[in-house]
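Peer 1: With the sequence up front, the predicted model follows.
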Amino acid sequence: MPRAPKPLVPTPSIQRQIYVIRGHKVMLDADLATLYQVSTRTFNQAVKRNSARFPADFMFQLSEKETENLRSQSVTSSWGGRRYRPYAFTEHGVAMLSAVLHSGRAVETSVMIVRAFIALREMIAANKDLAARVEKLESSHRQTASIIDVLVDEIENVAHDVREMKTLPPPSKRKIGFGL
């Protein structure tokens, strides 16, 4: 049985390069260029030459504010960081890159990155299932806890009544019977 080829970069390492921006899971052009072993400039030129393959739901450029937020989260170079706003690629955009970048490495890298997106999606789905199970247990626990609280209150009431019944009134000093 043939072994699956070892990925060029481990999936967890790629997953750390997936960000959520505008509600989409994306990878940035510089990270992708590094994975494809080309310069960011060359990478972006290839994408621009094939811009029809990258509609807005495949790729978008970050706004100034998003770029600033990104800079504040990561270390910039001593040259002051990037001179332009980065591009973000969704999972579909990453899949399209293998058609734009024509090399064996590009195809392998695209497959690896798409697998990282899939693994991330499965991990999120598994966490949702786990969260639903915990919520069900908590709900069941809350119902059980309220039933137990009612039972404890009833037992305390009965115990109080029993204690009252056990306490006899003090003996009377009056004589009982007929007096002669």
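Peer 2: The structure has been received and is ready for your questions. Residues are numbered from 1 along each chain as shown.

Peer 1: make it CA atoms for all contacts and neighbour counts henceforth
Peer 2: Fine.

Peer 1: And the pLDDT for residue 55?
Peer 2: Here the pLDDT value assigned to residue 55 is 91.

Peer 1: For it, which three-state class applies?
Peer 2: Using DSSP: H, G, I helix; E, B strand; the rest coil, the structure places residue 55 in coil.

Peer 1: show me what contacts it?
Peer 2: Listed by C-alpha atoms under 8 Å, 6 or more residues apart in numbering, residue 55 has no contact partners.

Peer 1: for the one 5 residues further on, same thing?
Peer 2: Contact criterion C-alpha under 8 Å, 6+ apart gives 87, 88, 89 as the residues in contact with residue 60.

Peer 1: Now, those that are in strands?
Peer 2: 87, 88, 89 (DSSP state E).

Peer 1: how about a markdown table for these, with pLDDT, distance to residue 112 and neighbour count added?
Peer 2: As requested, these are exported to a markdown table (pLDDT from 0 to 100; distance: C-alpha to C-alpha, whole Å; neighbours: other C-alpha atoms under 10 Å):
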| residue | pLDDT | distance to residue 112 | neighbour count |
| --- | --- | --- | --- |
| 87 | 93 | 20 | 17 |
| 88 | 93 | 18 | 26 |
| 89 | 92 | 15 | 26 |
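
Peer 1: List just the nearest of these to residue 46.
Peer 2: Distance to residue 46, by C-alpha to C-alpha, is smallest for residue 87 among these, at 12.9 Å.
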